[in-house]
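J.: The amino acid sequence is not available; the structure is as follows:
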């Protein structure tokens with residue numbers, strides 16, 4: 001999907017710090033595990049279920065405006081980010097290449 005912005009990890013951290021948003025983990029591993037792998041402070045990371053995001057009403061999704069979505073390889077997060085933009089006009093970011101681009105396979 002071409003209607004969301006793909007960014008690298010350094011830009012993702014800068015973005016969430018500047019905007020007061022978070023990197024949102026869409027995978028199944030515990031958030032503490034991901035936070036420790038990436039050495040991210042609690043205040044900059046959250047987790048969400050991608051299927052729940054796709055079914056949620058716009059009012060619940062507005063809180064994700066400006067957040068960076070992250071998954072394993074960047075595909076699910078790109079899809080979720082694109083759907084939020086297309087269906088609800090919510091601007092988000094996608095972590096290019098996902099967590100595997102940063103630390104390799106995590107499972």
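T.: Cool, the structure landed. Computed from a predicted structure; not experimentally measured.
J.: residues contacting residue 76?
T.: Counting by C-beta atoms under 8 Å, 6 or more residues apart in numbering, residue 76 touches 26, 50. To be clear about C-beta, it is placed using only N, CA and C from the backbone, and glycine gets the same treatment.
J.: Would you point out which residue is most central in this structure?
T.: With distances taken as C-alpha atoms, centre = their mean, residue 69 lies nearest the centre of the chain, 1.0 Å away.
J.: how much space is there between the closest residue to residue 19 other than its chain neighbours and residue 12?
T.: The shortest distance from residue 19 to any non-neighbouring residue, by C-beta to C-beta, 6 or more residues apart in numbering, is to residue 66 (4.5 Å). Residue 66 is 11 Å from residue 12, where distance means C-beta to C-beta, to the nearest Å.
J.: neighbour count winner among those two?
T.: Taking other C-beta atoms under 10 Å, residue 66 and residue 12 do not tie; residue 12 has more neighbours (25 against 16).
J.: is it true that that one touches residue 68?
T.: Yes. Counting by C-beta atoms under 8 Å, residue 12 touches residue 68, with 4.4 Å between them.
J.: gap between residue 50 and residue 17?
T.: Distance of residue 50 to residue 17, given as C-beta to C-beta: 24 Å.
J.: For those two, indicate the residue with more neighbours.
T.: A count of neighbours by other C-beta under 10 Å puts residue 50 above the other of residue 50 and residue 17, at 17 against 12.
J.: Spit out the contact partners of the nearest residue to the more buried one once chain neighbours are set aside.
T.: Distances taken as C-beta to C-beta, 6+ apart place residue 26 nearest to residue 50, at 4.6 Å, with adjacent residues excluded. Neighbouring residues of residue 26 by C-beta under 8 Å, 6+ apart: 47-50, 69-71, 76-77, 80.
J.: No more questions from me, cheers.
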